[in-house]
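# just to be clear, the model below is a prediction. Sequence and coordinates:
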Amino acid sequence: MTGPDVPAALHATDLGFRYRARGDWALRDCGFTVPRGSITALVGRNGAGKSTLLHLAGGLLRPTHGEIRVLDTAPDTAAARTRVALLTQDRPLYPRFTVADTLRMGGKLNSAWDHPVAERVVREGGTALTARVGELSPGQRTRVSLALALGKRPELLLLDEPLADLDPVVRAEIMATLMAEAADREVSIVLSSHVLPDLEQTCDRVVLLRAGRVELSEDTDALREGHTLVTGHIDGEPSLREHAVVHRRTHGRQLTALVRPRGPLGGDWHVERPGLEEILLGHLRSGAESTKEAA
Ligand SMILES: Nc1ncnc2c1ncn2[C@@H]1O[C@H](COP(=O)(O)OP(=O)(O)OP(=O)(O)O)[C@@H](O)[C@H]1O
């Protein structure tokens, strides 16, 4: 459900950004809406613009063109800063501080600070509050950063690759924590990730960036319903011409294609409903081919 009347967690209009005045566009012509209360996966190949978009939403960068709004306000305002938490990839923490010092600092910097929540997120990972941040593993630092972000009690949580350093058990725990936050407190979450299998059960929306442009901005249910995976003899391929073929691969004379049907599928195909991971992978791979062709 999106549209002008739906309250937006994130709303971009004709958004463009370049790091240098005459440099390449890191983001271009981006327009999309993320409704409040959703968990949105931000996906794209390396360099697609995910971190740039999250930095713009977090108010760390300003658009070169167009506009981005968070919770119906500009990201670089004091109001937005108290309501939005951004976890950047570099996880900036003071290495000499203990974990307990770090959480205390979170309390001093944030008026709505919820210490029990922050401490619980750290304790669930088994990290001692007396441990020095500089001596933590990258995954443990991620957990402390997440504790800081959640302790702030944000209405919108922006997470840049929160899962990258985490082992599979912790990834599942963190995703469960995020889902509980979204369900219990209606926190809107936008998280960039390359770990597609973890998104399947968690996210209800996807924004897919390709080379700085938005290729998909859709509910995951609509994506699943709108795609079909067909397998059959390659001679049947002409019957797919009237449909949008996102990605195709062949094995001998057998063709497998991810298709967005524009009506009933003709031909003699074995048809399956693809999972979210397969759909996203198809779109990401199709980008690789068109990039190669363009080059
Ligand atoms: N500080 C910077 N100065 C100049 N160009 C930059 C800077 N940071 C990113 N870029 C460029 O902007 C584009 C988008 O980068 P960005 O980091 O947003 O992509 P990403 O999708 O987050 O990538 P990844 O998946 O590798 O983290 C890339 O072409 C990148 O080279």
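Everything's here; your move.
# tell me the SS of residue 175?
Going by DSSP: H, G, I helix; E, B strand; the rest coil, the secondary structure assigned to residue 175 is helix.
# so what's it closest to, chain neighbours aside?
Closest residue to residue 175 apart from its sequence neighbours, by CB to CB, 6 or more residues apart in numbering: residue 202 at 5.0 Å. In short, each C-beta sits where N, CA and C put it, glycine included.
# before we move on, what about residue 178?
Leaving aside its chain neighbours, residue 178 sits nearest to residue 189 (5.6 Å; criterion: CB to CB, 6+ apart).
# what is the one you found paired to in the beta sheet?
With DSSP bridges applied, residue 189 shows beta-bridge pairing to residue 39, residue 157.
# check it and give its pLDDT.
As predicted, residue 189 sits at a pLDDT of 94.
# hang on, it packs against residue 36?
No. Applying CB atoms under 8 Å as the test, residue 189 and residue 36 come out as separate, 10.7 Å apart.
# tell me which of these two has more neighbours.
Neighbours per residue, other CB atoms under 10 Å: of residue 189 and residue 36, the larger number sits with residue 189, 26 against 16.
# state the distance from the more buried one to the ligand.
In this structure, residue 189 and the ligand are 17 Å apart, going by CB to the nearest ligand atom, to the nearest Å.
# that residue: what's it in contact with?
Contact analysis of residue 189 by CB atoms under 8 Å, 6 or more residues apart in numbering lists 38, 39, 40, 156, 157, 159, 178, 181, 182.
# rewinding a little: number of residues surrounding the residue nearest to residue 175?
For residue 202, which is what you asked about, the neighbour count (other CB under 10 Å) is 20.
# identify the residues contacting it.
In this structure, residue 202 makes contact with 39, 41, 175, 178, 179, judged by CB under 8 Å, 6+ apart.
# for the chain, list the residue farthest from the centre, please.
Of all residues in the chain, residue 235 sits farthest from the chain's C-alpha centroid, using CA atoms, centre = their mean; the distance is 38.3 Å.
# without its sequence neighbours, what residue ends up closest to that residue?
In space, residue 235 comes closest to residue 253 once its chain neighbours are excluded; the distance is 7.7 Å by CB to CB, 6+ apart.
# count the neighbours of that neighbour for me.
9.
# so what pLDDT did it get?
You'll see residue 253 listed with a pLDDT of 94.
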